[in-house]
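Q: Mind folding the following:
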Amino acid sequence: MLSRAPKGCLLKSLADTSLRSLVAVFLVGATVVVFLPVLDNGFICLDDGKYVTGNRRLLGGFTPENVLWSFTTFHAANWHPVTWLSHLLDVRLFGMHPRGHHLVSLLIHAVNVLLCFLVVRRLTGSLWRSGCVAAVFAVHPLHVESVAWVAERKDVLCGFFWLAALWAYSCHVRRPGPARYGLVMTAFFLGLMAKPMLVTLPFVLLLLDFWPLGRMVPRAAGADPARPVARRFRLRSLVLEKVPLFVLAAASCAVTFQAQTAGSMVKSAEFYPVGVRVANALSSYARYLGKVVYPVNLGLPYPHPGAALPAWQWLGALLLLFVLSGVAVAAIRRHPWLLAGWLWFLGALVPVIGLVQVADQAMADRYVYMPLLGVLIAVVWTIPPFSRDKPLRTVALGVGGVLVFVTLGGLTHAQAGYWHDDVTLFKRTLRVTTENALARYNLGTGLARRGDVAEAIPHFREALRLRPEFGEVHYNLAKALEESGGYDEAIAHYREAVRIMPDYLYALNNLGGVMLRLGRVGEAVTWFEKAARLAPGDPDVRHNLGLALSRQGNFNAAATQFREALRISPGYAAARSALEAITATKPR
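A: Presented below is the predicted three-dimensional model:
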């Protein structure tokens, strides 16, 4: 006969399950409520065009060709096919209506919050502490950039697979086997294909082996005694266990470096010497910690200080990191979670801390999406637990926790609203940062897109004052000047954009267009031909070259260009009309 569980144990199990369910429902509901403003936000000019609104592949639909493209392209200076598939599916479902795209990002973040709660509880056995970690993770303002920015879909996807890999690893630890280890590998591989920042996961798994899993010899004093593991291992054995993960991480690093180098995103030592990178990395660690504790004045982007960073800042940051690391090491016996959480934070940020400088930002809020968990675990486990013997302390902790949660939620709700549109976002950024050429440029772009060209021009000029070699700004200033009738100055800035970026297709095409408008047909043909050589499959360039050739009287060559535009894009009405006009008037 089967033995029956004691009635008291059964009731306790049901109560625990009900409590877990209530906490989970609260966390998901609070996440959605706090981030609701993102559903009213639009796309922004910075990268959303590159990823979604200006990406012709996405407009082509969820076709086998576009799926193959997702796995083979280095577009946007990255290899992340899972992210591209996510965007392809969004466009298929919602078209170019931003609300649907934002809704998906929000739902993924809500799922991540739920996974965070379940994973931390499974690893540690603590319900309330896990709930506190997940609650702060859910509503921390540093996560707004990852959730509210459509181009950062890769961030929340990476977080999902990171947490899924942790769950699979906890299953593998309790009942080791190839199938469970295969699930860890699968989640890790998919996460790398969403965002390569996941390369630090094997390192995090080693930290979890130390605490809370207690798989290392000697066993960490704070490991959960209610969840003993069957065996403990030497560090060497635990590292060997993760060799397949390290191999995948190394391969991802190689592919990512190739992609970002091909996209001209990796900056050479000529622009950012090693000393400058190290100083900025130290300063950024301290600034990230400051924003974790005091998450105000958040912006996009934070400009890189270069060699102008004061020595006291990076020396002070180095001292802070040294002191905090010393405290974590000193407390390793009684409070091992401090070292585990602290090293999680430090290590997970290594790929994006700026030692390999990508683009021109000093740091970014989105980079803290998963590293934040290490800090939260270290802090929450250090706070004394609730105790029936000390009711005043319990009340104080409860009230303090509610105040922290409500404050963070309010800040996040407000920060999400700043992402409503380009103008709102970058005006806010300029209020909280200084000497920010990229924010000036994007504010000008946003103003120009909504028709405020005269207001946009001063922002473009200020961006060029800060960064004279900023090719995109020369191009956008030229467009604004051309629209305002300042053709001569527009030509000068188009030429400067081409000088800085010789393969800048849009500048070549627009330069040909303004020449054609001014009647300088020969020069227009020259610029359009350069654009056609650069992008032979672009139907707009073919059409424009055909117009210039027809104005030059070279009708046969013009007809060839129009036919090519129609071959590339059979529904191109302007090219068809131009070809019919040439055919009707061409001498026989």
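Q: Can you give the domain ranges for this structure?
A: Residue ranges for the domains of the chain, per automatic domain parsing: 20-278+288-420, 422-585.
Q: Take those and lay them out in JSON lines including mean pLDDT and mean neighbour count.
A: Using the backbone N, CA and C atoms, a C-beta is placed for each residue, glycine as well. JSON lines is the format used below for those (pLDDT from 0 to 100; neighbours: other C-beta atoms under 10 Å):
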{"stretch": "domain 20-278+288-420", "mean pLDDT": "91", "mean neighbour count": "18"}
{"stretch": "domain 422-585", "mean pLDDT": "93", "mean neighbour count": "19"}
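Q: Wait, Ala416 touches Val38, no?
A: Yes - counting by C-beta atoms under 8 Å, Val38 is a contact partner of Ala416 at 5.1 Å.
Q: and Val399, what helix or strand is that in?
A: Per DSSP states H and E, Val399 falls inside helix 391-417.
Q: which other helices and strands contact that helix?
A: Under the contact definition 3 or more C-beta pairs under 8 Å, 6 or more residues apart in numbering; DSSP states H and E, helix 391-417 sits against helix 7-34, helix 127-139, helix 144-148.
Q: Also compute the angle for that helix relative to helix 127-139, please.
A: Direction vectors for helix 391-417 and helix 127-139, defined by axes from the mean of the first three to the mean of the last three C-alpha atoms, to 10 degrees, enclose an angle of 20 degrees.
Q: any idea which helix or strand comes after helix 391-417?
A: Next along from helix 391-417, by DSSP H and E: helix 422-432.
Q: how far does that next one sit from the chain's center?
A: Distance of helix 422-432 from its chain centroid, counting by C-alpha atoms, centre = their mean, to the nearest Å, is 19 Å.
Q: which secondary structure elements does that helix contact?
A: helix 437-449.
Q: Distance from the chain centre to the helix it packs on, please.
A: 20 Å.
Q: Other residues contacting that helix?
A: Residues from elsewhere that reach helix 437-449, judged by C-beta atoms under 8 Å, 6 or more residues apart in numbering: 44-46, 299-301, 303, 360-361, 421-423, 425-427, 429-430, 433, 453, 455-457, 459-460, 462-463, 466-467, 470, 472-473, 476-477, 479-480, 483.
Q: rewinding a little: overlap in contacts of Ala416 and Val38?
A: If you check Ala416 and Val38 against C-beta under 8 Å, 6+ apart, the residues they both contact are Val147, Ala148.
Q: any idea how far Arg277 is from the nearest residue to Arg287 once chain neighbours are set aside?
A: Leaving aside its chain neighbours, Arg287 sits nearest to Met363 (6.2 Å; criterion: C-beta to C-beta, 6 or more residues apart in numbering). According to C-beta to C-beta, to the nearest Å, Met363 and Arg277 sit 12 Å apart.
Q: so what sits against both of those two?
A: Going by C-beta under 8 Å, 6+ apart, residues that sit against Met363 and also against Arg277 are Gly354.
Q: so can I have JSON lines of the helices and strands packed on helix 391-417 showing distance to Leu438?
A: Formatted as JSON lines, these follow (distance: least, C-beta to C-beta, whole Å):
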{"stretch": "helix 7-34", "distance to Leu438": "28"}
{"stretch": "helix 127-139", "distance to Leu438": "28"}
{"stretch": "helix 144-148", "distance to Leu438": "14"}
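Q: Which one of the ones you listed lies nearest to Asp503?
A: With C-beta to C-beta as the measure, helix 144-148 is the member of the helices and strands packed on helix 391-417 nearest Asp503 (30.0 Å).
Q: what sits up against the closest one?
A: Helix 144-148 is contacted by residues 35, 38, 41, 102, 105-106, 109, 152, 155-156, 159, 298, 300, 364-366, 369, 412, 415-416, 419 when judged by C-beta under 8 Å, 6+ apart.
Q: quick one, phi/psi of the residue nearest to Arg287?
A: Phi and psi for Met363, reported as degrees, to the nearest 10, are phi -160, psi 180.
Q: Show the contacting residues for it.
A: Ser284, Arg287, Tyr288, Tyr302, Gly354.
Q: Check Ala559 too.
A: Here Ala559 is in contact with Gly546, Leu579, Ile582, Thr583, Lys586 (criterion: C-beta under 8 Å, 6+ apart).
Q: middle-most residue in this protein, spatially?
A: In the chain, the centroid-proximal residue (C-alpha atoms, centre = their mean) is Glu152; its distance is 3.7 Å.
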